[in-house]
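the amino acid sequence is not available; the structure is as follows:
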């Protein structure tokens, strides 16, 4: 019942905000383009047989020298920039979503335990979160990536690089979730339904998972949405620095880094279009997150 | 005051110890320094001799204590990649990063605060709207894209400013500065804007929000009722009271500037510590990474300490009971 009422409220506030509707459409286009890339992309940028060096450095289609089959031009190997962006967005989105999921699960678990158990456990866990929050998350992600790189031999590292990036970004983002969940758990812990569950002998683990958890999820959803934009940016930054996903699976950040080398010879489209795609994706997700935060905040209603 | 400083320092110590422990663990357990130093051919005896020489056969805490002792003297061993003392490498590159960070922070404060005050005072002026739209761009563009766009416009298309390096530098003792030559100053412009833009927009939005809040308070109305000039009300009363959160955020953002210097330095091939760090991550050069980590932690802890002390100086309410120093904001 309550969930339904909330849904319709959300829908109402959604339809009343043109910026939100617009960003939802942009986000949807980005996600669909990324997910459906193998079926709707005009070319397959990974099929080496279809690449032709004669097609290299073609400018975008509307600039006169362009070729209609390559709407956004081609890169140094004759790869279609539009298709590369669609495949790249797939990697960016995959890493972003997995990293946020990882951070969410870790943060919820730590926050629940800290808030519910309290005492020393709470202060130790929150102190760790405090310490981590003093450092920018991109630095922590870089460091984790560097340590794993040093610990694993090169061939192994290339195979698991995607997971390393997800792990690094996830680890760097958990404190925000843990803090919020802990705060809400502290409030919920002393409510009567929790006391009742305790009285009839439900185990603490079960109380946390099936009684407290559903009641603290609202704010988590907001942080996760806002965190998705951050995670996509973090991945792009890592890949731009050359320590993110392996070059065999280029993400948007990798494409921007590769294109950056051709900026001076005038082939601006190789780097600018992936950049525009990245901004569109991150901005639309962030605006959606902002709206969700305001819509779920009872104080602003 | 002294008790306040001491309690803050005591709180900072465990953080440094934890970071030192992580650094040390990287040193000790990631990769195998012995085989890296020995190269391909070695006998078991040579290996044992090197292990004993490096003290790797000692118990964990003895090794850790030695690591901390060495670190306190600025001794971090040799870089695996460049085979030179890490401390020397970092000292060579620190001036580049510090000058860049200084320019970016100065830009963010000197432009961000006035813009924030203006947009707070004249909410509906078209210039305010323009500033706000501009700040939205600053917040959502990733640092490296800002850098690339600036290079595209000002270096490639217009050809006004250099796109990489520091230009000519002048050596002042061990410090190399780019402030004293024309090409050095020109080389600083684009990287400083790239690095400072995010902080600039953040400070502007913060000052604006705080100004709007403060201008509604009773003491501002009272100051106006007393017939004080607008100027005195705005700057003497309103701006002064927005300073506490601005100092916090600006201080914490200074740490962010140093972290994002890694990105900016990569875009502009700026020969600073960030570029050194990213090259070390790529090459799994643990000694450099460990030293950089400790250095950055020290910078962050120091900044936090200074921010706390500034609080104390700016906000008289904290002086009466410093236990709740962080409670307000």
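Cool, got the structure. Since the model is a prediction, treat every value here as computed from it, not as a measurement. Residues are numbered from 1 along each chain as shown, chains lettered A, B, ... in the order given.

which stretch of helix or strand covers the nearest residue to residue A:102 once chain neighbours are set aside?
Take residue A:102 and drop its neighbours on the chain: the residue closest to it by CB to CB, 6 or more residues apart in numbering or on different chains is residue A:170, 3.3 Å away. The C-beta positions use only the backbone N, C-alpha and C, and glycine is treated the same way. Using DSSP states H and E, the element containing residue A:170 is helix A:154-189.

following that helix, which helix or strand comes up?
helix A:192-199.

and the contacts of that next one?
Residues outside helix A:192-199 that contact it (CB atoms under 8 Å, 6 or more residues apart in numbering or on different chains): A:188, A:207, A:211, A:212.

ok, the second one - contacts?
If I follow you right, that is residue A:207. Listed by CB under 8 Å, 6+ apart, the contact set of residue A:207 reads A:116, A:194, A:197, A:198.

which of the helices or strands spans the residue sitting nearest the centre point of chain A?
Nearest to the geometric centre of chain A sits residue A:96, at 2.7 Å (CA atoms, centre = their mean). Here residue A:96 sits within helix A:81-117, counting by DSSP H and E.

show me what that helix is packed up against.
Applying 3 or more CB pairs under 8 Å, 6 or more residues apart in numbering or on different chains; DSSP states H and E, one finds that helix A:81-117 contacts helix A:18-35, helix A:37-40, helix A:119-134, helix A:154-189, helix A:213-240, helix A:252-260, helix A:269-296.

now find how far off-centre it is within its chain.
Distance of helix A:81-117 from the chain centroid (CA atoms, centre = their mean, to the nearest Å) equals 5 Å.

next, count neighbours for residue B:301.
Neighbours of residue B:301 under the rule other CB atoms under 10 Å in any protein chain shown: 21.

which residue, other than its chain neighbours, is closest to it?
Take residue B:301 and drop its neighbours on the chain: the residue closest to it by CB to CB, 6+ apart is residue B:12, 4.5 Å away.

mean neighbour count and mean pLDDT added to the helices and strands packed on helix A:81-117, as TSV?
Listed next are those as TSV, based on neighbours: other CB atoms under 10 Å in any protein chain shown; pLDDT from 0 to 100:
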stretch	mean neighbour count	mean pLDDT
helix A:18-35	16	83
helix A:37-40	12	77
helix A:119-134	14	82
helix A:154-189	20	84
helix A:213-240	22	85
helix A:252-260	26	83
helix A:269-296	22	83
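
residue B:127 is nearest to which of these?
Checking the helices and strands packed on helix A:81-117 against residue B:127 by CB to CB gives helix A:18-35 as the closest, at 22.1 Å.

residue A:42 and chain B, how far apart?
Distance, residue A:42 to chain B, by CB to the nearest CB, to the nearest Å: 25 Å.

how about residue A:137: what's its closest non-neighbour residue?
residue A:172 (3.8 Å).

check contacts around the one you found.
Residues near residue A:172 by CB under 8 Å, 6+ apart: A:103, A:132, A:137, A:138, A:140, A:141, A:144, A:234.

measure the first one to chain B for me?
So the one you mean is residue A:103. When residue A:103 is compared with chain B (using CB to the nearest CB), they lie 19 Å apart.

tally of neighbours for that residue?
27.

my read: it touches residue A:174, true?
Yes: the pair residue A:103 / residue A:174 is scored as a contact, 4.7 Å apart, by CB atoms under 8 Å.

look up how far chain A lies from the spatially closest residue to residue B:100 that is not a sequence neighbour.
Spatially, and ignoring its direct neighbours in sequence, residue B:100 is nearest to residue B:191 (5.6 Å; CB to CB, 6+ apart). Residue B:191 is 15 Å from chain A, where distance means CB to the nearest CB.

now the helix or strand where residue B:191 lies: how far from the chain's centre is it?
Using DSSP H and E, residue B:191 sits within helix B:182-215. In this view, helix B:182-215 has its centroid 14 Å away from the chain centroid, taken as CA atoms, centre = their mean.

now the element after that helix, going C-ward?
helix B:218-225.

show the average pLDDT along that following helix.
Over the span of helix B:218-225, the pLDDT mean works out to 79.

other SSEs contacting the helix or strand that that helix is followed by?
For helix B:218-225, the following helix or strand on the C-terminal side (DSSP H and E) is helix B:230-231. Of the remaining helices and strands, none touches helix B:230-231 by 3+ CB pairs under 8 Å, 6+ apart.

list the buried residues of whatever helix or strand residue B:88 lives in.
Taking DSSP H and E as the criterion, residue B:88 maps to helix B:86-121. For helix B:86-121, a neighbour-count test (16 or more other CB atoms under 10 Å in any protein chain shown) marks B:86-87, B:89-90, B:92-101, B:103-105, B:107-109, B:111-113, B:115-121 as buried.

of the contacts of residue A:172, the lowest pLDDT goes to which?
residue A:137 (77).

what number of residues lie near that residue?
Quick note: residue A:137 (other CB under 10 Å) scores 23 neighbours.

related to what we said a few turns ago, quick check, nearest of the contacts of residue A:172 to residue B:269?
Checking these against residue B:269 with CB to CB, the nearest one is residue A:138 at 19.2 Å.

quick one, phi psi at the closest one?
phi -70, psi -30 (degrees, to the nearest 10).

how much space separates it from residue A:231?
Separation of residue A:138 from residue A:231 (CB to CB, to the nearest Å) stands at 11 Å.

what do you get for residue A:274?
As judged by CB to CB, residue A:274 and residue A:231 stand 17 Å apart.

isn't residue B:279 right up against residue B:81?
Yes: contact status for residue B:279 versus residue B:81: in contact at 7.3 Å, counting by CB under 8 Å.

please identify the helix or strand for residue B:171.
Per DSSP H and E, residue B:171 falls inside strand B:170-172.

okay, the contacts of residue A:172 in a markdown table with distance to residue B:147 next?
Below are those laid out as a markdown table (distance: CB to CB, whole Å):
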| residue | distance to residue B:147 |
| --- | --- |
| A:103 | 27 |
| A:132 | 27 |
| A:137 | 20 |
| A:138 | 15 |
| A:140 | 22 |
| A:141 | 19 |
| A:144 | 24 |
| A:234 | 17 |
